[in-house]
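[1] Okay, predicted coordinates and the sequence, questions at the end:
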Amino acid sequence: MDIADALQTYFAAERLTGIVFAIYGVVLFGLAAFLYHAHTGQFMWSIVVPLGLIGLLAAGGGGWIAAKTGPQLATLKAATAADLLATELPRMVKVNANWIRLEITWTVIIVGSLAMLWLGKREWTTGLSLALLIAATSAMVLDVLAERRAKVYTTALERMSP
């Protein structure tokens, strides 16, 4: 894959991820609204508040990612090969170095949430653990897919390197 194809593929997927994540955030917010009307007490508050906040953050963050990707791609396409390499390769090295930290974080949250769900036996621990499981597993899926995409793009950048 040449660098032009790698750029186009990486940033098209990045934009689509932002759109999907924004839609997912709206769905989570809708789920929180549904649960607000369908449940009461500590369970309701402990799942509605985190899901609502996560939904708002996902909708805003996804929208931001989708909006910035087009201009970012245009700037990179206009750059010389040397400028592209000087800008993108160090950035992608940093991005790729963070995947393991993110995956460990999501794993710890997932395991902690399962422990809280099974051992907590309280209304609020059940709601909170379910909300955290939804958020962490979603983030894990998003990051594993993004990692695969980033490594392909990084490899194309490295092939450009003299």
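    Now that the structure is in, tell me what you want to look at.

[2] what about the residue nearest to Leu89 when sequence neighbours are not counted, which helix or strand?
    Nearest residue to Leu89 in three dimensions, chain neighbours excluded: Leu157, at 4.7 Å (C-beta to C-beta, 6 or more residues apart in numbering). Every C-beta, even on glycine, is put in place using the N, C-alpha and C of the backbone. Assigned by DSSP states H and E, Leu157 belongs to helix 123-160.

[3] buried residues in that helix?
    If you call a residue buried by 16 or more other C-beta atoms under 10 Å, then helix 123-160 has these buried ones: 123-136, 138-140, 142-143, 146-147, 149-150, 153-154, 156-157.

[4] In terms of secondary structure, what does that helix contact?
    helix 3-38, helix 41-78, helix 81-120 (3 or more C-beta pairs under 8 Å, 6 or more residues apart in numbering; DSSP states H and E).

[5] Going by contacts, tell me the helices and strands next to the second one.
    In terms of contacts (3+ C-beta pairs under 8 Å, 6+ apart), helix 41-78 is packed against helix 3-38, helix 81-120, helix 123-160.

[6] What mean pLDDT does the first one get?
    Read it as helix 3-38. Average pLDDT, helix 3-38: 95.

[7] angle of the helix holding Leu157 against helix 81-120?
    For helix 123-160 against helix 81-120, the angle by axes from the mean of the first three to the mean of the last three C-alpha atoms, to 10 degrees is 160 degrees.

[8] Report how many residues lie close to Ile54.
    As a burial measure, Ile54 scores 22 neighbours (other C-beta atoms under 10 Å).

[9] Quick check: it vs Phe29, distance?
    9 Å (C-beta to C-beta, to the nearest Å).
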